[in-house]
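Visitor: Give the three-dimensional model of this entry:
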Amino acid sequence: WHLDQLAGPPLWFSDGSCIDNTFAGGGVVRDHKGMIILAFSSSFGIGNSAEAEAKAMHIGLRLCSERGLSISFMELDSLFLVNCFNDLWDPPWAVEYILRDWKNLIPSHASVSHVFREANGLSDRLAAHGHTCQ
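Guide: Here you go, the predicted structure:
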């Protein structure tokens, strides 16, 4: 496939994981038919679950930007970060700069919505796998 052959906007799903204060993340971009375009897992070091979720989204958006993928719809299983992104809640300082950069990496009409973990299974597994990455 080629990026200009996509019939609809790509969809982005990401997740973070925190175990014993170490955090990791993963994400997947799918086309309108559900086919995987891009996926990743990564270890991030020491932090908390909000940082894990934010960092996973940030890395994923950077990967998309580098590959010319314009993401207009994203789903997270962190209602906290969705509300922070949508300016409903004030983010903690540890993730505020990440949220600001998200907004620079996506179109102004992009939406970020909440999805329960069960609907975000692959991203959840990629995030857990991130703990095994160096």
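Visitor: Which residues does the longest strand seen in the chain contact?
Guide: Using DSSP state E, we find that the single longest strand of the chain is strand 36-46. Residues outside strand 36-46 that contact it (C-beta atoms under 8 Å, 6 or more residues apart in numbering) are 1, 6, 10, 21-31, 51-52, 55-56, 59-60, 63-64, 67, 69, 122, 126-127, 129-134. C-beta: built from backbone N, CA, C; applies to glycine.
Visitor: rerun that using 6 Å as the cut-off
Guide: Defining contact as C-beta atoms under 6 Å, 6 or more residues apart in numbering, one finds that strand 36-46 is touched by 10, 21, 23-31, 55, 126, 129-130, 133.
Visitor: can you tell me which of the residues you listed are in helices?
Guide: Under the assignment DSSP state H, the contacts of strand 36-46 contribute 55, 126, 129 to helices.
Visitor: Just give me the least confident of those residues.
Guide: Within the set of these, pLDDT is lowest for residue 126 (88).
Visitor: Can you tell me the element the most centrally placed residue in the chain falls in?
Guide: Residue closest to the average C-alpha location in the chain (C-alpha atoms, centre = their mean): residue 57, at 2.6 Å. Assigning secondary structure by DSSP states H and E places residue 57 in helix 49-66.
Visitor: Likewise for residue 90?
Guide: Applying DSSP H and E, one finds residue 90 in no helix or strand.
Visitor: Identify the residue nearest residue 125 in space, chain neighbours excluded?
Guide: residue 26 (7.3 Å; C-beta to C-beta, 6 or more residues apart in numbering).
Visitor: Correct me if wrong: that neighbour contacts residue 126.
Guide: Yes - Residue 26 lies in contact with residue 126 (C-beta atoms under 6 Å); the separation is 2.5 Å.
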